[in-house]
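1. structure of the sequence below:
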Amino acid sequence: MLETKDILETINMIDNENLDVRTITMGISLLDCIDDDIDKACTKVYDKICRSAKDLVKTGEDIQREYGIPIINKRISVTPIAMVAAPCQSKKVVKFAHALDKAAKELGVNFIGGYSALVQKGFASGDYALIESIPEALATTDFVCSSVNIGSTKAGINMDAVKMMGKTVVQTAQATADRDCIGAAKLVVFCNAPEDNPFMAGAFHGVTEADAIINVGVSGPGVVKNALEKVRGENIAEIADMVKKTAFKITRMGQLVAKEASKRLCVPFGIVDLSLAPTPADAKLDKIYVVMVVGGVAVAWCESFDKAVAVCDALTLGAKASGFAATYDVVEVKKWTA
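-> Residues are numbered from 1 along each chain as shown. This next block holds a predicted model:
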């Protein structure tokens, strides 16, 4: 039974502590879209995504309006495309990226993840072609996110994949250098990736999951910060208890949104992700400071020059200690929108 103080507390979290639902993400299985003809497979992929998620954006907007809870992003994750592309025996895997991007634009979602390969124990048919296509795929699409899992505690690290992904990250950044290297920002290299990961940019729909599923991510760093301010100077037991109570309150809101979205979309409820990852504020930064490898590849960005210099110095020292010849520099970039 909700009490008045609980309702007022939640309102305060939303209004003053920047609590929001970072994302509603629909996971969609594409295993039934597999075809040895790549064009037919891409058509099946596009059709299934549009059919399954046709009401995702509208549902998110309706819940936000009815409950007054900010829902920032609506996203989709799909079965790792390397699996779907394997029977095609084609090197034109980038066609799948274009099909995903087309579906994302049609539906109005913010991101679509799953242009992925899981190669921690070795390469299967389709993995090589997908990894080689990542730079082109992320340079020629707007909403597609990509990921590759290259190692696990159980299987060890696939060093051939490490070599490939090192080159791929650089090539992806270079391919989108005219757009602040945004391609590299949409590429994740994993170790120990979970069997299902609904959160960007490394999202993919696990093969053991249902045909479709709804997951919700909640962003509450402001709430946690304010809670910790109340127990400043207390012992660790008091602090831990405050974090647990706060996490419960935040998760409860996420669960409400997830269950409501699940009911309206007739799709099973998956998980609520409670994260300290912040949602970008509406305010704009006049400028940011980008740390770059001399030669043009961005590796980090900071809101202040001093922080950027510190990152630059640390990377330079690390490179020298490892025997690499890489050097770093700080570049000021203006008119950045957070």
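2. show me what contacts the most centrally placed residue in the chain?
-> Residue closest to the average C-alpha location in the chain (Cα atoms, centre = their mean): residue 200, at 1.0 Å. Going by Cβ atoms under 8 Å, 6 or more residues apart in numbering, residue 200 touches 23, 25, 75, 111, 113, 145. Every residue, glycine included, has its C-beta placed from N, CA and C.
3. and it, that's in a strand?
-> No. The assignment for residue 200, made by DSSP: H, G, I helix; E, B strand; the rest coil, is coil rather than a strand.
4. re earlier: where's the dip in pLDDT among the contacts of residue 200?
-> Among these, residue 23 has the lowest pLDDT, at 81.
5. how about that one, secondary structure?
-> Residue 23 is classified as strand under three-state DSSP.
6. hang on, it packs against residue 77?
-> No. Contact criterion Cβ atoms under 8 Å: residue 23 and residue 77 do not qualify, at 10.3 Å.
7. ok, these two, which is more surrounded?
-> The neighbour count for residue 23 versus residue 77, taken as other Cβ atoms under 10 Å, is higher for residue 77 (28 against 25).
8. how close does that one get to residue 218?
-> Distance from residue 77 to residue 218, counting by Cβ to Cβ, to the nearest Å: 17 Å.
9. ditto for residue 230
-> Plainly put, residue 230 is 20 Å away from residue 218 if you go by Cβ to Cβ.
10. between the two, which one's more packed in?
-> More neighbours surround residue 218 than the other of residue 230 and residue 218, with 26 against 11 (other Cβ under 10 Å).
11. list the contacts of the nearest residue to that one once chain neighbours are set aside.
-> Excluding the flanking residues, the one nearest residue 218 by Cβ to Cβ, 6 or more residues apart in numbering is residue 254, at 3.9 Å. Contacts for residue 254 (Cβ under 8 Å, 6+ apart) come out as 21, 216, 217, 218, 272, 273, 274.
12. give the buried residues for the helix or strand in which residue 254 is found.
-> Using DSSP states H and E, residue 254 sits within helix 236-265. Under the neighbour-count criterion of 16 or more other Cβ atoms under 10 Å, helix 236-265 has 239, 242, 246-247, 249-251, 253-254, 256-258, 260-262, 264-265 buried.
13. next one: stretch 158-171
-> Quick answer for stretch 158-171 (16+ other Cβ under 10 Å): 158, 161, 164, 165, 168, 169, 170, 171.
14. can you tell me what sits against that stretch?
-> Outside stretch 158-171, the residues touching it (Cβ under 8 Å, 6+ apart) are 119-123, 131-132, 134-135, 148, 150-151, 184, 187, 189, 297.
15. again, only using 7 Å
-> With contact meaning Cβ atoms under 7 Å, 6 or more residues apart in numbering, stretch 158-171 is reached by 119-122, 131, 134-135, 148, 150-151, 184, 187, 189, 297.
16. give me the buried entries from those residues.
-> 119, 120, 131, 134, 135, 148, 150, 151, 184, 187, 189, 297.
17. want to throw those into a markdown table with pLDDT and secondary structure?
-> What follows is the buried ones among the contacts of stretch 158-171, written out as a markdown table (pLDDT from 0 to 100; DSSP: H, G, I helix; E, B strand; the rest coil):
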| residue | pLDDT | secondary structure |
| --- | --- | --- |
| 119 | 86 | coil |
| 120 | 84 | coil |
| 131 | 88 | helix |
| 134 | 89 | helix |
| 135 | 89 | helix |
| 148 | 89 | strand |
| 150 | 86 | coil |
| 151 | 86 | strand |
| 184 | 83 | helix |
| 187 | 87 | strand |
| 189 | 86 | strand |
| 297 | 51 | strand |
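18. include distance to residue 207 when you put those residues into JSON lines, please.
-> Listed next are these as JSON lines, based on distance: Cβ to Cβ, whole Å:
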{"residue": "119", "distance to residue 207": "15"}
{"residue": "120", "distance to residue 207": "15"}
{"residue": "131", "distance to residue 207": "19"}
{"residue": "134", "distance to residue 207": "21"}
{"residue": "135", "distance to residue 207": "26"}
{"residue": "148", "distance to residue 207": "16"}
{"residue": "150", "distance to residue 207": "18"}
{"residue": "151", "distance to residue 207": "19"}
{"residue": "184", "distance to residue 207": "27"}
{"residue": "187", "distance to residue 207": "22"}
{"residue": "189", "distance to residue 207": "20"}
{"residue": "297", "distance to residue 207": "34"}
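19. buried subset of the contacts of residue 200?
-> Buried members of these, scored by 16+ other Cβ under 10 Å, are 23, 25, 75, 111, 113, 145.
20. and of the buried residues of stretch 158-171, the nearest to residue 43?
-> residue 168 (27.3 Å; Cβ to Cβ).
21. element containing the closest one?
-> Under the criterion of DSSP H and E, residue 168 resides in helix 159-175.
22. what mean pLDDT does that helix have?
-> Helix 159-175 comes out at a mean pLDDT of 86.
23. return the distance of it from the chain's centre.
-> 19 Å (Cα atoms, centre = their mean, to the nearest Å).
24. what would it look like as PDB? C-alpha coordinates only.
-> Extracted C-alpha coordinates of helix 159-175, given in PDB (Å, rounded to 0.1, in the frame of the first residue of the first chain):
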ATOM      1  CA  MET A 159      43.900 -13.000 -29.200                       C
ATOM      2  CA  ASP A 160      43.100 -13.200 -32.900                       C
ATOM      3  CA  ALA A 161      39.800 -11.300 -32.100                       C
ATOM      4  CA  VAL A 162      41.800  -8.800 -30.000                       C
ATOM      5  CA  LYS A 163      44.000  -8.000 -33.000                       C
ATOM      6  CA  MET A 164      41.000  -7.700 -35.300                       C
ATOM      7  CA  MET A 165      39.100  -5.400 -32.900                       C
ATOM      8  CA  GLY A 166      42.100  -3.200 -32.300                       C
ATOM      9  CA  LYS A 167      42.200  -2.400 -36.000                       C
ATOM     10  CA  THR A 168      38.400  -2.200 -36.200                       C
ATOM     11  CA  VAL A 169      38.100   0.400 -33.500                       C
ATOM     12  CA  VAL A 170      40.700   2.600 -35.200                       C
ATOM     13  CA  GLN A 171      39.100   2.100 -38.700                       C
ATOM     14  CA  THR A 172      35.600   2.900 -37.300                       C
ATOM     15  CA  ALA A 173      36.800   6.100 -35.700                       C
ATOM     16  CA  GLN A 174      38.600   7.100 -38.900                       C
ATOM     17  CA  ALA A 175      35.500   6.300 -41.000                       C
END
